[in-house]
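1. Prediction below, plus the sequence it came from.
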Amino acid sequence: MSEIGLVLISVGVVFDLFGCIGLVRLPDIYNRLQAATKCVTLGTCMILIGVAFYTGLDAIGVKAIICAVFILLTSPTGAHALARGSHRSGVPLWEGSVGDKYREDKEGGEVHEEA
Amino acid sequence: MIWWMFFSILALSGLMCLYRVGAGPTPPDRTVAIDIFGTLVVGFCALLGIIEGRDFFLNIAIAWALLSFLGTVALAKYLEGRGFDE
Amino acid sequence: MKGMSLIVRTIARVVTTFIFLYSAYIVVYGHITPGGGFPGGVILALGVMLLMLAFGREVPLRKLPEGRASVLDCLGALGFWAIALLGLTAGYFFLNFLGKGEPFRLVSAGTMPLCNISISVKVGVSLFAVLAALSIYRRFYPPGGEPPEDMSGG
Amino acid sequence: MKIFVTYLAAFVVWLLLTWSLDPQEVLAGLAVAALSTYLTRDILVELPPSRPFHPKRYIWFLYYIPVFFWHMLRANLDVAYRVLHPEVPIRPGIVKVRTNLKREISKTMLANSITLTPGTLTVDVVGDFLYVHWINVSTHDPEEQTRIIVSRFERILKEVFE
């Protein structure tokens, strides 16, 4: 069991590293948010599930699984709130982007202040 | 030995987050970096829980995940330009 | 409409019950594991803060109006003081007059869990009052007057 | 009914957190779960309108978990490829897709699933439309975009939550 746990933890740590490289390399806030949220969420969940495999079903493992479920629920929500907030505060997309339907609809009046 | 490798990779990731906190051109960039840093700390606490063999590190991890989520939501609401309760 | 977008609201509906449960866990196990009254109270206030961010301030204030919050706040402080004073009946101030029980079980350590519970009530409700005050008195105007020149609203 | 379900869920989470069946702790759990459910009784999520406990829902949910993790793993490999490639191959943009889901909880789960799957991030939900930031916009036809982004999960979530 503990070998499976170690493998999962290693993969999770490597995904965390990829997410942070994306945070540094990608050009604008939305792309950084994508890369960082996806990679770090799955990476940390894999670390936690690996911890659960490593120790087996005892107090540590069960709490790790609860923590993983909590992160899976909340992390995308935080990313969504942040993307919406930064779009509404006027942060532009990267200049190489291919269209922004959300801003068009906001200027056209289809999207109102919260519905 | 392998634990030291995990910890150093996580610390490297944390340093990259701190670089983004320092260099980020806009406030949302810094907020993303802080959110990601919080999630990294959760993983860190879980690994510490294995090494020390105590379950209260996982309590810290859950509390940290909660705090990181709330901080992100509150800063996102601030970025939308709205008050605390509206 | 007050509050944040649909996704944040729904996740707040799902998660808040478990935040309250977790704060109670931190408080009740305060004498066995790290944690205790103060962190538990802070996590309770964090749950209230999530409700306030997601739905606006009416939802938590409907559950606990300001007047009742101050009463509960005082009751928490009073409970802690009463436990300390009850020690006097057996000897001295803060004497742990209950039985110690068996270590590492839930009912052990005498008066410590009761102290933790009253501290958590005090801290949680105080922070709730702070949040409510921050959201209500966001703008300050002098009584019966326009806002002065140098204070341009909020 | 939804209050009872939440109470049961809270009690189960308490048992998992404490991880013992000592009668003292079980009794404390009953009390604490009742307290936390009472505090949040007016904001709970509604149960599905028709037959909430039909076993088909749970079978579809068990099917949803591996599909979700598979797409999530693909998403991570995709991000790793884009990040480690020397010239960062991205063509980002925000697109508008349509969903058929009606309930709040199913829209939320759809949005969160979209956020964690390859190349997409939900920016906002307005009515029936989702605004999605896509890291590699491969087509400009709205129907095609909807088919690629939404339909991975829509059918499963419809069976689970509606």
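-> Structure's in. What do you need?
2. who in chain C is up against chain A?
-> Contact residues (CB under 8 Å from any CB of the partner chain) of chain C with chain A: C:M1, C:G3, C:M4, C:S5, C:I7, C:V8, C:I11, C:V14, C:V15, C:F18. Where C-beta positions appear, they are placed from N, C-alpha and C, glycine not excepted.
3. Among these, which are located in helices?
-> Residues of the residues of chain C next to chain A located in helices (DSSP state H): C:I7, C:V8, C:I11, C:V14, C:V15, C:F18.
4. and which of those is nearest C:G91?
-> Set against C:G91, the nearest of these by CB to CB is C:F18 (41.6 Å).
5. wait, doesn't that closest one sit right on D:W14?
-> No: judged on CB atoms under 8 Å, C:F18 makes no contact with D:W14 at a distance of 9.6 Å.
6. What strand or helix carries C:L86?
-> C:L86 is part of helix C:66-90 when elements are defined by DSSP states H and E.
7. Report all helices and strands that that helix contacts.
-> helix C:112-136 (3 or more CB pairs under 8 Å, 6 or more residues apart in numbering or on different chains; DSSP states H and E).
8. Need the pLDDT of residue 95.
-> Since no chain was named, I'll use chain A. On the pLDDT scale, A:E95 is placed at 75.
9. Oops, wrong one, chain C.
-> For C:L95, the model assigns a pLDDT of 65.
10. how close does the residue positioned nearest the centre of chain B get to D:V5?
-> Centrality entry for chain B: nearest residue to the mean C-alpha point is B:G38, 0.9 Å, by CA atoms, centre = their mean. As judged by CB to CB, to the nearest Å, B:G38 and D:V5 stand 31 Å apart.
11. same question, D:T99
-> Look at D:T99 and D:V5: by CB to CB, they are 26 Å apart.
12. Looking at the two, which one has more neighbours?
-> Using other CB atoms under 10 Å in any protein chain shown, the more surrounded residue of D:T99 and D:V5 is D:T99, with 23 against 15.
13. residue contacts, D:M72?
-> If a contact means CB atoms under 8 Å, 6 or more residues apart in numbering or on different chains, then D:M72 has A:K38, A:L42, D:L116, D:T117 as its contacts.
14. residues of the lowest-mean-pLDDT helix or strand in chain D that come out buried?
-> Every helix and strand in chain D was compared by mean pLDDT, DSSP states H and E; the lowest is helix D:142-149, with a mean of 78. The neighbour-count check on helix D:142-149 (16 or more other CB atoms under 10 Å in any protein chain shown) flags D:Q145, D:T146, D:I148, D:I149 as buried.
15. Show me the two of those residues that sit farthest apart.
-> Within those, two members stand farthest from each other by CB to CB: D:T146 and D:I148, at 7.5 Å.
16. Could you pull up the residues touching the residue most central in space within chain D?
-> In chain D, the residue lying closest to the centroid (CA atoms, centre = their mean) is D:M109, at 2.6 Å. By CB under 8 Å, 6+ apart, D:M109 lies in contact with D:F153, D:L157, D:F161.
17. And for D:L39?
-> D:L39 sits next to C:T17, C:F20, C:K63 when contact means CB under 8 Å, 6+ apart.
18. pLDDT value on the residue nearest to the centre of chain D, please?
-> Reading off the confidence values, D:M109 has pLDDT 88.
19. Mind listing what's buried along the helix or strand in which it is found?
-> Taking DSSP H and E as the criterion, D:M109 maps to helix D:104-115. By 16+ other CB under 10 Å, the buried positions in helix D:104-115 come out as D:E104, D:I105, D:S106, D:K107, D:T108, D:M109, D:L110, D:A111, D:N112, D:S113, D:I114, D:T115.
20. now, which of these sits nearest B:L10?
-> Within the buried residues of helix D:104-115, proximity to B:L10 (CB to CB) peaks at D:T115, which comes in at 23.2 Å.
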